[in-house]
Each structure stands twice: as C-alpha cells, then as structure tokens.
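Asks: Return a 3D structure for these sequence lines:
(chains A and B)
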Amino acid sequence: AQKVTQAQTEISVVEKEDVTLDCVYETRDTTYYLFWYKQPPSGELVFLIRRNSFDEQNEISGRYSWNFQKSTSSFNFTITASQVVDSAVYFCALSEAWGDAGGTSYGKLTFGQGTILTVHP
Amino acid sequence: EAQVTQNPRYLITVTGKKLTVTCSQNMNHEYMSWYRQDPGLGLRQIYYSMNVEVTDKGDVPEGYKVSRKEKRNFPLILESPSPNQTSLYFCASSLGSDVAYEQYFGPGTRLTVT
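Replies: Model (predicted):
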C-alpha cells in the first residue's frame, strides 16, 4: 500500500491563481514527521517544511500555507497568488520509525510520487 | 557552508562499466542514505548507513553497493550498470537516524546508462 499518496500528478494554473497540492499519508505510528520539498527545474531538492504528528496547527509562510489534519491523514500545501517561479515538482514525505533486520529502529523517509506544478504567465 | 556534495553531477556511461558516485557531507552527520528518483515513483531509498561501517538495504538495493569507511563519505557503487539504473540519484545525511531528524540532500547526480 502506498504510504504517501499525491493523487495529483500534474497541475496547471495561471499566475495569481491559488493552488492546493494534496498529500495523504498512512502510518500506524503515533510519532511521525511530515515534510514538503520543492524540486525546481534545476533538479535540487529544496526543503519547505517539517511538521510533527503532535502539532496540528496550520502554518503560513508568506504565500505558502500548510493544512495538517490527522483525522483525515492529510497534509495539504497551498500556494496563494501563484507565480511562474513556483513551477516545480513538489514532494510530500513521511518520516516514521522502521526496524531494520537487526532490530534497530531508524527514521525512514518515504516520498509521495510528486506533483508537477506549472504556473503559466 | 554546511552541505552535502555529490560527484559527478552528470554521467553518461555504457552497460557493464563499473562506476562510483561519491557523496560527502561536512556536518559530522551519523546517518546517510542514497535515493533514486524516477518519474511517477518519487524518491526511493537504495541504501542507508547509520554510522561508520554500518550499512543496510533500503527499498531498491538490487544492482548497487555502498560503503562507509569514513563518517563523511558514502559512495554509491554500480558494479555493472544497466539501462534500468538510468535515474536521478540523491545522497542525503542527517544528524542521527531518529525519525525527528531532517535529512539534508545533495544536488543530485543524473546518470544515463546506454
């Protein structure tokens, strides 16, 4: 089963539109972390936000905002008044505790499939 | 500047020719890992290392080897590359292996195997 699902493969908007990128996750852990990363056309991964499972407060950073809802296992990302520079692939990721073959626990980061956002002028 | 570096950034090679992608971090991080990114699949973990001389398989380890002889370096080795290993590869490091730690990613290595 997919642990992190980004159902929107591609989204296309016109500049200044608001856009929401959906992320649904699956975990049995009570302690976990959720992340969003941006991958611009240049290819590097840019960290946007980290949110732990105990903090359901929404977060706003400039034109970016994140809505974390444990009841629906979702961590959606909204860009307000989108700009051409927002065009990128966006990844949602889940960090949860995994046990390796030797029984040692470690934090495993699982990514969604990514959403390609294109903002047209 | 705290960073994760990878070399080379771009590589085109032929089937069967052994290659190594280097990864180095200057943050004294214990945990390092390699991911590959493929369209529609996101990033998938290849191998990880919790510390020097401690490595283990991730989700897609077939065809890859790693080593961790020094804390700062975590090279990815493809002994006999095949076209299905054409991908974008990322190295990452974090302070420790706990679920809370953020992973810092390198700039990526785009590998093409013909």
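Asks: Low-confidence ranges, chain A, go.
Replies: A:1-2, A:99-104 (pLDDT under 70).
Asks: In it, mark out all the strands, start to finish.
Replies: Using DSSP state E, the strands of chain A run over A:4-5, A:10-14, A:19-21, A:24-25, A:33-39, A:46-52, A:59-61, A:64-69, A:74-79, A:88-99, A:105-111, A:115-120.
Asks: could you redo those as JSON lines and give each row mean neighbour count?
Replies: No exception for glycine: its C-beta is placed from N, CA and C like everyone else's. Listed next are the strands of chain A as JSON lines, based on neighbours: other Cβ atoms under 10 Å in any protein chain shown:
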{"stretch": "strand A:4-5", "mean neighbour count": "20"}
{"stretch": "strand A:10-14", "mean neighbour count": "13"}
{"stretch": "strand A:19-21", "mean neighbour count": "18"}
{"stretch": "strand A:24-25", "mean neighbour count": "19"}
{"stretch": "strand A:33-39", "mean neighbour count": "21"}
{"stretch": "strand A:46-52", "mean neighbour count": "15"}
{"stretch": "strand A:59-61", "mean neighbour count": "12"}
{"stretch": "strand A:64-69", "mean neighbour count": "17"}
{"stretch": "strand A:74-79", "mean neighbour count": "20"}
{"stretch": "strand A:88-99", "mean neighbour count": "21"}
{"stretch": "strand A:105-111", "mean neighbour count": "20"}
{"stretch": "strand A:115-120", "mean neighbour count": "17"}
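Asks: who wins for proximity to chain B among these?
Replies: Across those, chain B has its closest neighbour in strand A:105-111 (3.5 Å, Cβ to the nearest Cβ).
Asks: Fine by me, we can end here.
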